[in-house]
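Enquirer: okay, predicted coordinates and the sequence, questions at the end:
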Protein chains: 2
Amino acid sequence: MAILNRADSARLFMGAGGPSGSAAPDRSVVEPGGPATEAPAEMTLRQAYDKLVAVSMDATKLGSALGLVAWDESTLMPPHGADYHAKVQAYLADQANQLLTSPEFGQWLSAAEKGQDWSQVEAINLRLWRHDYDKRTKLPPGFVAREAEMASQSQTAWTKARAENNFAIFRPYLEAMVDLARQKARYYGYEVHPLDALMDDLMPGMTVAQCDRLLGAVTPAIVELVRKIKDSKTVIPDNLFGQAVFPKEKQEALAREMTAAIGLDYQGALYMETPRHPMTTTINPGDVRITTRYKENNPLEPALLAALHEAGHAIYSQGIPAEYYGLPVEQDAGMDIQEASSRYFENYIGRSKPFWQYWFPRFQEVFGPTAATISLDDLYRFMNRFNLSVIRLEADEVSYVLHIIIRYEIERDLFGDKIKTEDLPAVWNQKYKDYLGLDVPDDRSGILQDIHWAGGAFGYFPSYAFGSMNAAQLDAALHRDHPDLDQRLASGDFAVPIAWMREHIYKYGRLYPVTELIKLATGEEQDPSYFIRYLTAKYGEIYQL
Amino acid sequence: MAILNRADSARLFMGAGGPSGSAAPDRSVVEPGGPATEAPAEMTLRQAYDKLVAVSMDATKLGSALGLVAWDESTLMPPHGADYHAKVQAYLADQANQLLTSPEFGQWLSAAEKGQDWSQVEAINLRLWRHDYDKRTKLPPGFVAREAEMASQSQTAWTKARAENNFAIFRPYLEAMVDLARQKARYYGYEVHPLDALMDDLMPGMTVAQCDRLLGAVTPAIVELVRKIKDSKTVIPDNLFGQAVFPKEKQEALAREMTAAIGLDYQGALYMETPRHPMTTTINPGDVRITTRYKENNPLEPALLAALHEAGHAIYSQGIPAEYYGLPVEQDAGMDIQEASSRYFENYIGRSKPFWQYWFPRFQEVFGPTAATISLDDLYRFMNRFNLSVIRLEADEVSYVLHIIIRYEIERDLFGDKIKTEDLPAVWNQKYKDYLGLDVPDDRSGILQDIHWAGGAFGYFPSYAFGSMNAAQLDAALHRDHPDLDQRLASGDFAVPIAWMREHIYKYGRLYPVTELIKLATGEEQDPSYFIRYLTAKYGEIYQL
């Protein structure tokens, strides 16, 4: 019986990597005291590029370890491990940051940028390294640590404020987070709106102008659709399953079957239960992890549909060429397309009639008598029922987008100096009235419902809406390229969607911006009308509008 | 539904630690080009010591991440993740090694060593830093990587040789590993025997002379005891449970109960199933992990007894003061005492009659009708049955030590130039005949049965034997200090052993060498006769000798 304790692993592993794995800048090729933007004359372009690759690979190894520690924290870590886990994460993040912001890195980058004959991938790597390096080095020393510290305090205040249903407790911390985010935007630089600089981290190239254009184009139609569904005579009850119990093990078995069927390769994936929100974590190209939760009175939500959503993320990750790993081009193109993949597999596949035409008999078989009295049509309508709520996470596909638009407009106006933090509860509640016709009963169910802003994630919400929109456009193109897609799905042939996504989206990694990627994949500019057409057709049929 | 993929975690976490966590040597206090053994005049002793602490803490953060990646690899990692996991481990190990072997570290150490007024703990930290630094820096650049590379090839060759039952395939690789180990011993330096230098990594201070003295003292008595048991008329069948099936979930539930009862704190521990060997991994002071395996036809082995063994390791880890964490004194004192703790809780508690007097009713309750026909006495005798086998891992407590002695003698004579690798199968088989009276049928069940040497772990086996011996001496002292111990255990009061171990062993971390620790705990020198007395009494009763 072996033991691998820390002492032991230190004894066995210390130094096992050997100097070949070293990330230390090779000082012999750096002129001491030389100007920071010049590389030594004797270094060739290729040598400079190779240095960038080596450092990038090392930072990625730190990122991989960091990803595993973070994943472990949200799944398995015993409670007393938390403090030290956090320190390890901070240390690994800082080490990676140091590698990617060192003066040597800047020198190699400047040297390599003088080259003309790079391949397409190399040229894009250089451009992305430059983009990321400039952003990272624009923040003054200590800024990120100060932001992390304040975010931690702010999240604690948010938790307390929410428990006590009292926005006043949270307001000064939110104010501080907004101030820090404004400072960050100024360091990064922006042309029109501070949020432009902040959104670039998650959705490269996205701007407030673009958000206004795309979200503005769908808002009236969705408000109108919500009104129509509310007025419809069709009512789908909240509970399809009565008092039935769907054992966790059976939910898990079916979720594994379904996610494998749509193309998740379990030789390179891990499926786990989590007590927290479902999540996808990519540890390395051969190790992507999805988590989901179970409610024993509802096998669809969160279990199966969350698993399909996360599988949509994981499949994206598995579709990026492994040889890109560790390089800038390896990342996905942005949250707005990453989230399109997850929403495509959750909503356009997982909530579709053809998908369930195939899976319904299996569903009945797995759950036995419990599922015997449910019809396919009931199940389909139930999982697509309209659910008007003041709580975002309870919303259906249609009204969900309005929850996002409300948050986006508030962020935009807060950073555009049109509203102040003290006005937030009133502004929030008014928008819920205007867009959804709902009265928000208290701050807990209103302005305090999401943790995003408490953690400094401003400009994050829109990526959810763009995920839905982009998914609709991809789905339309997929159906255009494969007119028999629905028949295939209904017969249990799920090979087309993942093959199409790989060929048109995943394989490009971060080679192209999202707008370009959509154009390459669909032959058209980003067009939000596909989303409206999808919602109108689907909900028109379900609610007989 | 949140996503944390690598790209995303990089975006969110990069730089989150801030510069305070930096491990980069502070170049401003190091004289460039100055002599490597002198620290700058302006640095105080305290500043130098604090630098050592900071670097030590950072290396420990890397070690914590490394421990988690290694643990994950042996439990959850999907198959395709393996290659990159290995790269991450090598990188983290190399980074930690770089921190602990830098010239700056040596300078701070030399500077701090000039101080006179260190506390006991500080003085011991300095001594251990020196010991470890000297060992680490004695190996030339590239040596560790070359050794790791050869170990990997050698283990592959061992796997093939074992599958084909052909020692000749493995021999040249074993030869190469022995050569590397000899080189390492020369780099480390030794006075008498090369194995002295190699054993010091696992059992600080242990020597061949000491091994010969201690193992030599027990060998004749154990050979004699084995002979007597073989000749005894008492026979305990190999299978107590017939065709009964003990469901995994119930085995797990009981193993958790028992390990919690003996004192494992699950707020800071994680219990998991593993397909591999049971193992303990300490991630940090609040997170120690044990794994065990199950066979559904035998709930005792491996499940319950392996869990108690691993809990014995984990309890040691939990008993080391958390404020030592990251410092040299935090480690256990050596594998020979670490293994004493695990063997104490497995054998002296877990295979004892009083322990099972308490647990037997619960055992019957958990397994219901399956366990109804088994008596307490049968169970006790079954778990302590003599099992003479050519396979070490199948051996009982008595003959196990002879398996170890055989391996130790071969290592000793191999490194002492008394035997050659080509003689190993014959030497092995002859020793099995001499000590255990057994004919080894083939190399697969003989010289090829353990992976240790293939991986370069020479001088490792004796720690198992010393674990057993030290446990016997501690058990005797524990009974001397607490004459009512057996009655307490039989009544379900398990508080004494862990309290005693904490007070006499765990709390000292690596403050004292094992020999000193044994003296402090028991008031006597290390004395192998306790082990013989324990075996003679226990097996004398069971086998009516």
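Expert: Great, that's in hand.
Enquirer: spatially central residue in chain A, please.
Expert: The centre of chain A sits closest to A:Met335, judged by Cα atoms, centre = their mean, with a distance of 5.0 Å.
Enquirer: test my guess that that residue contacts A:Gly467.
Expert: Yes. Look at A:Met335 against A:Gly467 with Cβ atoms under 8 Å: they come within range, at 7.4 Å. For every residue, glycine as well, the C-beta is placed using N, CA and C.
Enquirer: identify the contacts common to those two.
Expert: Listed contacts common to A:Met335 and A:Gly467 are nil; contacts here mean Cβ atoms under 8 Å, 6 or more residues apart in numbering or on different chains.
Enquirer: what about the residue nearest to the centre of chain A, distance to A:Met199?
Expert: 9 Å (Cβ to Cβ, to the nearest Å).
Enquirer: what's the local residue count around A:Met279?
Expert: Using other Cβ atoms under 10 Å in any protein chain shown as the criterion, A:Met279 is surrounded by 23 other residues.
Enquirer: please, where are all the strands along the stretch 101-250 of chain A?
Expert: Counting by DSSP state E, counting those that start in this stretch, no segments of the stretch 101-250 of chain A form strands.
Enquirer: show me what residue of it gets nearest to chain B.
Expert: Proximity of the stretch 101-250 of chain A to chain B (Cβ to the nearest Cβ) peaks at A:Ala145, 2.0 Å away.
Enquirer: what's the pLDDT at that residue?
Expert: Reported pLDDT at A:Ala145 in the predicted model: 82.
Enquirer: residues near it, how many?
Expert: 18.
Enquirer: and what of A:Lys519?
Expert: Number of residues near A:Lys519 (other Cβ under 10 Å) recorded here: 14.
Enquirer: quick check: pLDDT value at the residue nearest to the centre of chain A.
Expert: pLDDT, A:Met335: 94.
Enquirer: so the closest residue to it other than its chain neighbours is in which element?
Expert: Distance criterion Cβ to Cβ, 6 or more residues apart in numbering or on different chains; nearest residue to A:Met335, sequence neighbours excluded, is A:Ser463 at 3.7 Å. For A:Ser463, the enclosing helix or strand under DSSP states H and E is helix A:462-481.
Enquirer: what does the average pLDDT come to for that helix?
Expert: 97.
Enquirer: buried residues, whatever helix or strand comes next after it. List them.
Expert: Heading C-terminal from helix A:462-481, the first helix or strand you meet, by DSSP H and E, is helix A:485-490. Within helix A:485-490, the residues that qualify as buried by neighbour count (16 or more other Cβ atoms under 10 Å in any protein chain shown) are A:485, A:488-490.
Enquirer: could you confirm whether the next helix or strand after helix A:485-490 reaches chain B?
Expert: Once helix A:485-490 ends, the next helix or strand along the chain (criterion: DSSP H and E) is helix A:495-504. No. Using Cβ under 8 Å from any Cβ of the partner chain, we find that helix A:495-504 stays clear of chain B, coming within 15.5 Å at best.
Enquirer: and helix A:495-504, what does it pack against?
Expert: helix A:305-319, helix A:462-481, helix A:485-490, helix A:514-522 (3 or more Cβ pairs under 8 Å, 6 or more residues apart in numbering or on different chains; DSSP states H and E).
Enquirer: excluding chain neighbours, what is closest to A:Ala521?
Expert: A:His504 (3.8 Å).
Enquirer: gap between that neighbour and A:Gln430?
Expert: As judged by Cβ to Cβ, A:His504 and A:Gln430 stand 41 Å apart.
Enquirer: neighbour count winner among the two?
Expert: Between A:His504 and A:Gln430, counting by other Cβ under 10 Å, A:His504 is the more crowded of the two (18 against 13).
Enquirer: surely the more buried one and A:Gly523 touch.
Expert: No. Between A:His504 and A:Gly523 there is no contact under Cβ under 8 Å: 10.3 Å.
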